[in-house]
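Novice: Kindly generate the corresponding structure for this input.
(chains A and B)
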Number of protein chains: 2
Amino acid sequence: MKFDIMRDRLLDGLNDVMKAVSSKTTIPILTGIKIDVSTDGMTLTGSDADITIQTSIPVEENGEQLIHVTEPGSIVLQAKMFNEIVRKLPTNDVEIEVADHFQTRIRSGKSDFHLIGLDAAEYPMLPEISPDRQITLPADLLKSVIRETVFAVSTSESRPVLTGVKWQIKEDGLVCVATDSHRLARRKVTLEHLPTEEANVVIPGKSLTELSKILSDSTTPVDIFMTNQQVLFKTSDVLFFSRLLEGNYPDTSRLIPEEYNTTVTINGKSLLQAIDRASLLAREDRNNVVRFSTLTDNNIEISSNSPEIGKVEEEIQVESLEGEELRISFSAKYMMDALKAIDGQEVVIQFTGAMRPFIIRSVHDDAILQLILPVRTY
Amino acid sequence: MKFDIMRDRLLDGLNDVMKAVSSKTTIPILTGIKIDVSTDGMTLTGSDADITIQTSIPVEENGEQLIHVTEPGSIVLQAKMFNEIVRKLPTNDVEIEVADHFQTRIRSGKSDFHLIGLDAAEYPMLPEISPDRQITLPADLLKSVIRETVFAVSTSESRPVLTGVKWQIKEDGLVCVATDSHRLARRKVTLEHLPTEEANVVIPGKSLTELSKILSDSTTPVDIFMTNQQVLFKTSDVLFFSRLLEGNYPDTSRLIPEEYNTTVTINGKSLLQAIDRASLLAREDRNNVVRFSTLTDNNIEISSNSPEIGKVEEEIQVESLEGEELRISFSAKYMMDALKAIDGQEVVIQFTGAMRPFIIRSVHDDAILQLILPVRTY
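Specialist: The predicted structure follows:
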């Protein structure tokens, strides 16, 4: 194998695939990045066995020569070292040449590196994906869907299936649900084209977070393919594979109350800031619980109390306040996460009682629903 | 005590004094910040027993009222909590009122915090400083002097006095020296006004690093007062006290060679980048040693070798190369630290032999001298 490539483009590609490489892997070949060079261009592959990212760089783009291929071939190079070397090379021209025994020479300007590579034939194959269960979302919408749900997954491995987000495709579109059993985030998306088959998969939260870092903030379409064990997110130049979580995801539909006794419409940003302040004292007690109380004259109060440090109270004027009086306590962190996910000026909060789950959604949009279980404090 | 203050100014002041507060302190009152309010204004004091920082905010500045004092007084408030509360208050007007039993109320907009304070009378007094051994340096020069020396202090507590920088004032000015016994950094500064008495103190490296963060990049004068146990750096609005290190600082003058057999003049930036690249492989062997070899035709070579990973070689054209041939090995980190401290385009490196310390300095300036001990590799 022998080729020349523009350093900037190689760095961009490495930047994507490095997100899949983990220093903690127990599979030696996965500490490396696979480089495949053909007369069409170069592909880079990185993987931690859960996530696999592949990116392609063409030989030529918009009339500009990016790669000059002298001899096609494949090699696996130690990921962290290769990435750092490329980052620090003195010129924008990089020559990579592989000789016998995977001896790899990287040259740029007067810098001359010799690395010992690994056999590309040892690198795991990519899974095969069928197009039966495929949907397409714009990249920016996909990023929003992830942002609005993934924070609510469980961080505990005691029920592994809850560390993922459930993606369900039915006749009315895509529904994404995440819950750690103390709170729940749900996002509905209407699809223009429904796939041939219904689907019901649980995607690891960590995979979605990493995917989000690679996606652009544009409307570029992302094709999403689901199988029983893998999901593939495909953009024009990146393939992002993730394994799926096994196990039965709990039925969360019964968690959402059907009747509400107190309904508050409030400026989301004012509420978020007041809870952020109240949580300063709540945090010291380690439970991070704040209290929400209805007052008269369209006011509510956010308060918290830490016997050793002090207390804080703050009144907020609400847009409207209907139904029964209420005093309820909940995790400041869960409420702030939910309000940030909704990201709307006006939010509606609907309560059934001090001991029952309550929901938060935007005034203007039913697509996002956040649910929080209260904390018993008195 | 009762007063109103502009939140922005209070935050600026807190930002300075918080640098002295450590969460690791074993003295309970030092987890707090002391607030003193008089009819002149407010002072804030933070300390970790080694470093003490005091900053003042006047009642009025450039015709603008910053503080409105209703009743003077003093209180100590838990530093981290007070700082975070002030940072998150909803308006730029902050009212602070202390009632009986150090009960402190902080109000801004509709936010109402109650904190339990501590008795300001329990807070340690500031040390007394005499003006006999005082010098003055512009803030930007003082920052440079710190940057050029402090990186070379020892990080090991086995010889505590080496964790500080020696500051010596004699008839020819100020000389600052730092060494960890493997390398040495020396900076000379000519003083316009010499103090009445000579001085010889060792200032903890950590104190100088913290001081550096507070100093501006302007030529504003900083008055420096030295006593036997403390040094005070005084700007217009900040007092920065540091304790001094006890013990005899070693005589380092004999370390610097008097004769040189090989002299190289080289572009500092090219050398720094080549060593940075070579250290990528050197680091993997944990000793981080690179080799420097003279070649013919005004070239030198930087190389390193890691048997399991590979090797790297790079030639650099030098400005001039005089004296004997040389192959020498040294720590890439020490060399990079020294070159960054000199920060000059052209540097001179003078060697006595492969087993002897060598020095690095700027072509244009004798004020900074860096010395490194080589590593024996063959």
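Novice: can we go C-alpha only for contacts and neighbour counts from here?
Specialist: Will do.
Novice: gap between the helix or strand where A:Ile359 lies and the chain center?
Specialist: A:Ile359 belongs to strand A:358-362 when assigned by DSSP states H and E. With C-alpha atoms, centre = their mean, to the nearest Å as the basis, strand A:358-362 stands 22 Å off its chain's centre.
Novice: what does that strand rub up against?
Specialist: With contacts defined as C-alpha atoms under 8 Å, 6 or more residues apart in numbering or on different chains, strand A:358-362 is touched by A:256-257, A:338-339, A:342, A:344-352, A:368-374.
Novice: distance of the residue nearest to A:Ser74 when sequence neighbours are not counted from A:Leu211?
Specialist: Nearest residue to A:Ser74, sequence neighbours excluded (C-alpha to C-alpha, 6 or more residues apart in numbering or on different chains): A:Asp36, at 4.4 Å. A:Asp36 is 23 Å from A:Leu211, where distance means C-alpha to C-alpha, to the nearest Å.
Novice: mind checking the backbone torsions on the residue most central in space within chain A?
Specialist: Taking C-alpha atoms, centre = their mean, the centroid of chain A lies closest to A:Thr209, which sits 2.2 Å from it. When read as degrees, to the nearest 10, the backbone of A:Thr209 gives phi -60, psi -40.
Novice: picking that back up, what about the contacts of strand A:358-362, which are in helices?
Specialist: If you go by DSSP state H, those have A:338-339, A:342 in helices.
Novice: re the thing from before, looking at A:Asp36 and A:Leu211, which one has more neighbours?
Specialist: Applying other C-alpha atoms under 10 Å in any protein chain shown to A:Asp36 and A:Leu211 shows that A:Leu211 carries more neighbours, namely 22 against 18.
Novice: Show residues contacting the helix or strand of chain A with the lowest mean pLDDT.
Specialist: Taking mean pLDDT, DSSP states H and E as the measure, chain A has helix A:268-284 as its least confident helix or strand, at a mean of 91. Outside helix A:268-284, the residues that touch it by C-alpha under 8 Å, 6+ apart are A:288-290, A:302-306, A:309-314, A:316, A:332-333, A:335-336, A:339-340, A:343-347, B:81, B:84-85, B:88-89, B:111.
Novice: So how do I select the buried members of those in PyMOL?
Specialist: Buried residues among the contacts of helix A:268-284 (16 or more other C-alpha atoms under 10 Å in any protein chain shown), as a PyMOL selection:
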select buried, (chain A and resi 288+289+290+302+303+304+305+306+309+310+311+312+313+314+316+332+333+335+336+339+344+346+347) or (chain B and resi 81+85+88+89+111)
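Novice: Enumerate every residue touching the closest residue to A:Phe3 other than its chain neighbours.
Specialist: What sits nearest to A:Phe3 in space, not counting adjacent residues and going by C-alpha to C-alpha, 6+ apart, is A:Val69, at 4.4 Å. By C-alpha under 8 Å, 6+ apart, the residues touching A:Val69 are A:2-4, A:37-39, A:41, A:59.
Novice: Same check on A:Pro131?
Specialist: A:Phe225.
Novice: Now do the least confident helix or strand of chain A: distance to the chain's middle.
Specialist: With C-alpha atoms, centre = their mean, you get 25 Å for helix A:268-284.
Novice: Can you dump the C-alpha atoms of it in CSV for me?
Specialist: The C-alpha trace of helix A:268-284 is given here as CSV (Å, rounded to 0.1, in the frame of the first residue of the first chain):
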residue,chain,number,x,y,z
GLY,A,268,-39.9,27.9,31.3
LYS,A,269,-36.7,30.0,31.6
SER,A,270,-37.8,31.8,34.8
LEU,A,271,-38.7,28.4,36.4
LEU,A,272,-35.4,26.8,35.3
GLN,A,273,-33.4,29.7,36.8
ALA,A,274,-35.3,29.7,40.1
ILE,A,275,-34.9,25.9,40.5
ASP,A,276,-31.2,26.3,39.6
ARG,A,277,-30.8,28.8,42.5
ALA,A,278,-32.9,26.7,44.9
SER,A,279,-30.8,23.6,44.1
LEU,A,280,-27.7,25.4,45.4
LEU,A,281,-28.9,24.7,48.9
ALA,A,282,-30.7,21.5,48.0
ARG,A,283,-27.5,20.0,46.6
GLU,A,284,-25.7,20.3,50.0
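Novice: about what we covered before: model confidence for the residue nearest to the centre of chain A, exactly?
Specialist: Looking at A:Thr209, its pLDDT reads 97.
Novice: what do you get for A:Arg254?
Specialist: At A:Arg254, pLDDT is 88.
Novice: what's in contact with stretch A:196-207?
Specialist: A:50-51, A:132-134, A:150, A:153, A:161, A:163-171, A:226, A:228, A:231, A:242-246, A:249.
Novice: Okay, and which of the residues you listed map to strands?
Specialist: Residues of those located in strands (DSSP state E): A:51, A:134, A:164-170, A:226, A:231, A:242-243.
Novice: Check those and tell me the two furthest apart.
Specialist: Across these, the longest distance by C-alpha to C-alpha is 25.8 Å; it joins A:Ile51 and A:Lys170.
Novice: averaged over its residues, what pLDDT does stretch A:110-130 have?
Specialist: Stretch A:110-130 comes out at a mean pLDDT of 93.
Novice: And stretch A:20-31, by the same measure?
Specialist: 91.
Novice: Now do the end-to-end distance for that stretch.
Specialist: Between the opening and closing residues of stretch A:20-31 lies a distance of 10 Å (C-alpha to C-alpha).
Novice: buried ones in that stretch?
Specialist: By neighbour count on 16+ other C-alpha under 10 Å, the buried set for stretch A:20-31 is A:20-22, A:29-31.
Novice: ok, of the residues you listed, which one's closest to chain B?
Specialist: A:Thr31 (13.0 Å; C-alpha to the nearest C-alpha).
Novice: what's the spacing between that closest one and A:Thr25?
Specialist: 7 Å.
Novice: Could you tell me the end-to-end distance of stretch A:352-362?
Specialist: Using C-alpha to C-alpha, the span of stretch A:352-362 from its first residue to its last is 18 Å.
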